[in-house]
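*Asks:* Predicted model follows, preceded by the sequence.
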Amino acid sequence: MSWLGMFYNLFLPGGIGGDAYKVILLNKRDQHPVKKLTAAVLLDRISGVAGLGILVAVYYFLIYRGAQFSYWLLAAVLPGLIIYFVFVKKLFPSFIKSFWSTLWLGLIVQVLQVLCVYCLMASINIHTHHNEYVFLFLLSSIVAILPFTIGGLGAREVVFLWGSEQFLLDSHQSIYISILFYLITVVISLIGVRWVYKEPLQSSAKRGCLKEKLF
């Protein structure tokens, strides 16, 4: 289901296609309420954005080292997480048990993407300004979530071009990072084509038969 969700995210604005698909499929298969499924998917997306926000604050601090309100931004991370926790507890109490695990998993995913960017920089011989390039990548990831572009294409490049002027970076190298990351995402997401015409999850009946065979 995740592979197919990633595949749909390539063609619909803001990556919402995969999220909508998950809601529809799980509602059809298990008859879970659409409202609760939508809340779960929404919180999953917010957790990812929270992870991005934490890393943005960290890299902003690494770039400015106390200047440009970087101390304040870094210090705001903890209060922000507390506010997010209270928000979930008040509006979505049934999800509070998985709050921290979801948040940490979302942060780990973002860290892995950052590691991918470091590998891309090494592959095109970028040996300086690593913090600035990663910071721009994180900002572009937040912008790519907005439902204005198809799979984030174009939005990332605009952020990198803007950032290359702000930090006096090589604009060509900035665009290379953005395009290479997008191409990697496309190649991986294309694995989901396999399940476009095939049920990605077993039906309840099939799962029941499988359990009987096993037990």
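*Replies:* That came in fine, so what should we check first? Numbers count the residues shown, from 1 in each chain.

*Asks:* same for the helix or strand where residue 120 lies, what does it pack against?
*Replies:* Using DSSP states H and E, residue 120 sits in helix 99-123. On a contact count with 3 or more CB pairs under 8 Å, 6 or more residues apart in numbering; DSSP states H and E, helix 99-123 meets helix 34-64, helix 77-91, helix 130-145, helix 171-189. Where you see a C-beta, it was placed from the backbone N, CA and C, and this is true even at glycine.

*Asks:* Now the residue most central in space within the chain: closest residue in space, sequence neighbours ignored.
*Replies:* The centre of the chain sits closest to residue 48, judged by CA atoms, centre = their mean, with a distance of 5.0 Å. Leaving out its chain neighbours, the residue that sits closest to residue 48 by CB to CB, 6 or more residues apart in numbering is residue 106, at 4.5 Å.

*Asks:* In this structure that neighbour contacts residue 53, no?
*Replies:* No. Counting by CB atoms under 8 Å, residue 106 sits too far from residue 53 to count as a contact (10.3 Å).

*Asks:* Find me the pLDDT at residue 80, would you?
*Replies:* Reported pLDDT at residue 80 in the predicted model: 94.

*Asks:* Going forward, count from 817.
*Replies:* With 817 as the first residue, the last one maps to residue 896.

*Asks:* contacting residues for it?
*Replies:* Neighbour list for residue 896: 866, 869 [criterion: CB atoms under 8 Å, 6 or more residues apart in numbering].

*Asks:* now swap in residue 854 and tell me
*Replies:* Residues in contact with residue 854 (CB under 8 Å, 6+ apart) are residue 839.

*Asks:* what does residue 936 give?
*Replies:* Contact analysis of residue 936 by CB under 8 Å, 6+ apart lists 992, 993, 996, 997.

*Asks:* Go again with 7 Å.
*Replies:* By CB atoms under 7 Å, 6 or more residues apart in numbering, the residues touching residue 936 are 993, 996, 997.

*Asks:* Same list, the residues you listed, but as CSV with pLDDT please.
*Replies:* Shown next, in CSV, are those (pLDDT from 0 to 100):
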residue, pLDDT
993, 93
996, 93
997, 91
